[in-house]
Structures are given as C-alpha cells and as structure tokens.
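1. Next one to model:
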Amino acid sequence: MFDINGGEFLVILLVAVIVIGPKRLPAYAEQLARYTKQARHYLADARRRVDAELGDEVKDIDWEALDPRRYDPRRIVRDALLDGEPAPAGSRAAAAAGGAGAAARASRAAPPAPTSLPPDVPAPFDDEAT
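-> From the prediction side, this is the model:
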C-alpha cells in the first residue's frame, strides 16, 4: 500500500517521539499494534466469510488479472475500433492489425458526402438520442 523506506520511517519515528513525547510513546505504540492486529483479524475474517459464501467456483479466479491498473487504454481503444479479436503482441497479426488500424483511421478521417432528402420528406429524428 505505502512504500516507506528506512529513512522515511526514521523521520516519522522522530516526529512521533517529539510530538507525543517519550513518556506516552510506549502506550501509543501498544495501542497502534492492537489496532493493527484487530484490522488484520477483521480482514482475514471477511475474506473467510466471502470465500465461504461464494463457494469453490470463485476460488479459481485470478484477481490479479482483473486489476484495472494492468490494462493499457491504447490497446482497449484499438481493439474496440477494430472490432476483432486482439492479436498477441509481436505476432504478424498484431502488425497487420496495426496496419488495419491505420487504414481504419484514414477511412474515418474523410467524412461521408452529405445526402440530400427530397423537399417533402422530413429529416430523420431519433427519440432516444441524447
């Protein structure tokens, strides 16, 4: 969660000693340790209850693969625009998809020529458009 190196930890400890004082520091450290143990107990208990209620089907899920921080937005947009199966990186299909993506971008660059309606036909209207 937090990446604290040794120097940062020493600065935090020094500030705590100065602000809290050496007489009250052991009591606060004991209280912090107690709260940390309670939090770990609550998290472990919650994980056990979730696993028990969801059953064996959920135990096989790779939660790391579903982490949104692992997704590349450029790949998601490219795949959505190409409407095809994503090609593995480094393959000939990926290189072809890159070329197809450039062709798709070029075809979208030029807007279609406007079509005219006869004078007595009303323009189309979409009730559900936002």
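2. List the contacts of stretch 7-22.
-> Contact with stretch 7-22 is made by 4, 25, 28, as judged by Cβ atoms under 8 Å, 6 or more residues apart in numbering. Any C-beta I mention is one placed from the backbone N, CA and C, and that applies to glycine too.
3. For these, pick the one with the most neighbours.
-> residue 25 (14 neighbours; other Cβ atoms under 10 Å).
4. what's it in contact with, if anything?
-> 16-17.
5. Give me the phi and psi for it.
-> Dihedral angles phi and psi of residue 25 (degrees, to the nearest 10) take the values phi -60, psi -40.
6. Look at stretch 56-66 and report the distance between its end residues.
-> Terminal residues of stretch 56-66 lie 18 Å apart, using Cα to Cα, to the nearest Å.
7. and for that stretch, what are the contacting residues?
-> Residues contacting stretch 56-66 (Cβ under 8 Å, 6+ apart): 51, 70.
8. average pLDDT for that stretch?
-> Averaged across stretch 56-66, the pLDDT comes to 76.
9. could I get the contacts of stretch 7-22 as JSON lines with pLDDT and distance to residue 120?
-> JSON lines is the format used below for these (pLDDT from 0 to 100; distance: Cβ to Cβ, whole Å):
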{"residue": "4", "pLDDT": "74", "distance to residue 120": "75"}
{"residue": "25", "pLDDT": "84", "distance to residue 120": "88"}
{"residue": "28", "pLDDT": "88", "distance to residue 120": "84"}
